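**Student:** dropping the sequence and predicted coords here.
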Amino acid sequence: MWARKRLDVRWSDLAFGLLHACLPADRWAAQRRVESAWSDSEDALACLSVRSGFDLLLGALALPPGSEVLVSAITIRHMVEIIERHGLVPIPVDLDVERLAPRMEWMRRAVTPATRAVLVAHLFGSRTPLEPILALAEEHGLLVIEDCAQAFAGPRHGGHPQADVSMFSFGTIKKATALGGAVLTVRDARLLQQMRIGQASYSVQSRGSYVRRLLKCGALKACSSRVAFGVLMGVLRAVGRDPDRAINGSVRGFREGRLLERIRRRPSAPLLAVLKRRLRTFDVHRLEDQREKGRRLARLLNHQVACPAATVVPHTHWVFPILVDNPQQVLAGLRQAGFDATQGQSLWVVAAPGDRPWLEPTAARDVLSRVVFLPLYPEMSTRVIRRMAQMVLRECSGVAAKRGLAMVRS
């Protein structure tokens, strides 16, 4: 079975991490090396995670309680929780489904005198054009924060130069993973200094916790071959475990509960060493191979199946979402054919505030109810991708035919 996603890490990276976990190191020097590798402008901050960096940012901003933050309607639930923990109000901006970008007319409607910032999530490897958002932000004096956790395209792409803050993740399932860590580009020097002061008060991530993550990742990597992954899925079903929940839970960056306690840590020296290595050895050719396979899969589906943002440029195709009317049937058909597709479990639709029900993000809710993520990575051949596309088209055309027959009978 083709796994839903192969971890973008080499055995040599894992060995490097384990070695550095056993060696003494100057953690502060390791952090400076990561930040210097990221940017020559001294505007980078290495953190334990994007969640950690976002929490530091809101703490440094010290916005008045009740201030509003406009948020892409689909995001990670923890980002919403962090906003609320700082006494702020997340306001959803519904999406243009074809581009997976915030709809500007909705964003304009959502702005109030209490609005202070905009958080834009670049989804699934696509990049939202920020120019209209930046123009609106300048008009209303808003801070623009871009969440690039799903859109890393190499260390030379540090975010939009006019965004106030750009956040990049190197968590377990991300491109060039370091099994944790994040880098934020913060273009206001005083704000960056406040964030550094805040992070300096944190305790350091334990080396033991990072070693456990390295070992878990090694086990997952060993199970990612087609035969081993098929056996793993069979074992999970045999013992009564939901494979979807088990696999998603195994790569989750932070367990549920005590969020702020878990994210308020400084990254350990071995994590920083691995992150520096991943930035230095970033494989541009592998990224381009992924891009080409994403473009090919979109062409094979040939507008018969909705592929949100598939034609957006630039795009890394970090994951490949499709929208179908029968997700459970498509998932079952794909898994029977040897493709471990999933609907995912980590994404969240931001609810409209009770006093503004007209901001309810209906398009975003529709996306999450119909989305299926297809496995796609460089190890998959053109022949395999073609077979997967044919399987999707067959399942979707069957539903369309049944719907047409029902209409004729009615």
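**Tutor:** Yes, it's here. Numbers count the residues shown, from 1 in each chain.
**Student:** Met195 contacts Leu56, correct?
**Tutor:** Yes: assessed by Cβ atoms under 8 Å, Met195 is found in contact with Leu56 at 4.5 Å. Every residue, glycine included, has its C-beta placed from N, CA and C.
**Student:** please name the nearest non-neighbouring residue to Gly344.
**Tutor:** Counting by Cβ to Cβ, 6 or more residues apart in numbering, Phe373 is the residue found nearest to Gly344 once chain neighbours are left out, at 5.6 Å.
**Student:** could you name the specific helix or strand carrying that neighbour?
**Tutor:** Using DSSP states H and E, Phe373 sits within strand 371-374.
**Student:** got any ranges where the protein has weak pLDDT?
**Tutor:** Scanning the chain for pLDDT under 70 picks out 226, 230, 232-233, 236, 243-257, 398-410.
**Student:** now Leu95: phi and psi?
**Tutor:** Dihedral pair for Leu95: phi -110, psi 150, per degrees, to the nearest 10.
**Student:** and the chain, what are its domains?
**Tutor:** Under automatic domain parsing, the residue ranges defining each domain of the chain are 11-204, 284-409.
**Student:** check the burial of Ala273 by counting its neighbours.
**Tutor:** Number of residues near Ala273 (other Cβ atoms under 10 Å) recorded here: 22.
**Student:** hey, what's in contact with both of Met195 and Leu56?
**Tutor:** Leu45 (Cβ atoms under 8 Å, 6 or more residues apart in numbering).
**Student:** re the thing from before, contact partners for the residue nearest to Gly344?
**Tutor:** Contacts were defined as Cβ under 8 Å, 6+ apart; by that measure Phe373 touches Arg4, Val319, Phe320, Pro321, Ala341, Thr342, Gln343, Gly344.
**Student:** note down every partner strand of the biggest strand by length in the chain and its orientation.
**Tutor:** Counting residues, the longest strand found in the chain (DSSP state E) is strand 115-121. Pairing partners of strand 115-121, with direction, according to DSSP bridges: strand 68-72 (parallel), strand 143-147 (parallel).
**Student:** so how far is it off the chain centroid?
**Tutor:** The chain centroid and the centroid of strand 115-121 are separated by 17 Å under Cα atoms, centre = their mean, to the nearest Å.
**Student:** now swap in stretch 290-309 and tell me
**Tutor:** 19 Å.
**Student:** now do it: everything it contacts.
**Tutor:** By Cβ under 8 Å, 6+ apart, the residues outside stretch 290-309 that reach it are 97-101, 123-126, 310-311, 315-318, 320-324, 367, 371, 374, 376-378, 380, 382, 385-386, 388-390, 392-393, 396-397.
**Student:** nearest to Arg27, of the strands paired with strand 115-121?
**Tutor:** Closest approach to Arg27 among the strands paired with strand 115-121 is made by strand 143-147 (26.1 Å; Cβ to Cβ).
**Student:** show me what secondary structure element comes after that closest one.
**Tutor:** Later in the chain than strand 143-147, the nearest helix or strand by DSSP H and E is strand 165-169.
**Student:** hey, C-alpha coordinates of that following strand in CSV?
**Tutor:** Coordinates of each C-alpha in strand 165-169 appear next as CSV, following Å, rounded to 0.1, in the frame of the first residue of the first chain:
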residue,chain,number,x,y,z
VAL,A,165,5.8,38.3,10.1
SER,A,166,6.3,35.1,8.1
MET,A,167,6.2,31.7,10.0
PHE,A,168,7.7,28.4,8.7
SER,A,169,7.5,25.0,10.3
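**Student:** how long is stretch 116-128 from one end to the other?
**Tutor:** Terminal residues of stretch 116-128 are spaced 20 Å apart (Cα to Cα, to the nearest Å).
**Student:** do the same with stretch 148-166
**Tutor:** Distance across stretch 148-166, first residue to last, is 7 Å (Cα to Cα).
**Student:** swap in stretch 11-30?
**Tutor:** Stretch 11-30 has an end-to-end distance of 22 Å (Cα to Cα).
**Student:** now that stretch, how far from the chain's geometric center?
**Tutor:** 25 Å.
**Student:** and if you look at stretch 30-38?
**Tutor:** 22 Å.
**Student:** same check on stretch 180-197?
**Tutor:** Taking Cα atoms, centre = their mean, one finds stretch 180-197 lying 20 Å from the centre of the chain it belongs to.
**Student:** straight-line length of that stretch, end to end?
**Tutor:** 21 Å.
**Student:** got it, and stretch 320-332?
**Tutor:** Termini of stretch 320-332 sit 17 Å apart (Cα to Cα).
**Student:** what does it contact?
**Tutor:** Contact with stretch 320-332 is made by 97, 124, 294, 297, 301, 305-310, 341-343, 367, 369-376, 392, 395-396, 399, as judged by Cβ under 8 Å, 6+ apart.
**Student:** so which of these are in helices?
**Tutor:** Gly294, Leu297, Leu301, Val367, Ser369, Arg370, Val392, Glu395, Cys396, Val399 (DSSP state H).
**Student:** between these, which is nearest Gly208?
**Tutor:** Gly294 (37.8 Å).
**Student:** report the separation between the closest one and Ala310.
**Tutor:** 7 Å (Cβ to Cβ, to the nearest Å).
**Student:** find the residues that touch each one of those two.
**Tutor:** Shared contacts of Gly294 and Ala310, defined by Cβ under 8 Å, 6+ apart, comprise His317, Phe320.
**Student:** what's the closest non-adjacent residue to Ser369?
**Tutor:** Pro327 (7.8 Å).
**Student:** burial of that neighbour, as a residue count?
**Tutor:** Applying other Cβ under 10 Å, we find 18 residues neighbouring Pro327.
**Student:** surely Pro353 is in contact with Glu84?
**Tutor:** No: if you go by Cβ under 8 Å, Pro353 and Glu84 don't touch, sitting 11.5 Å apart.
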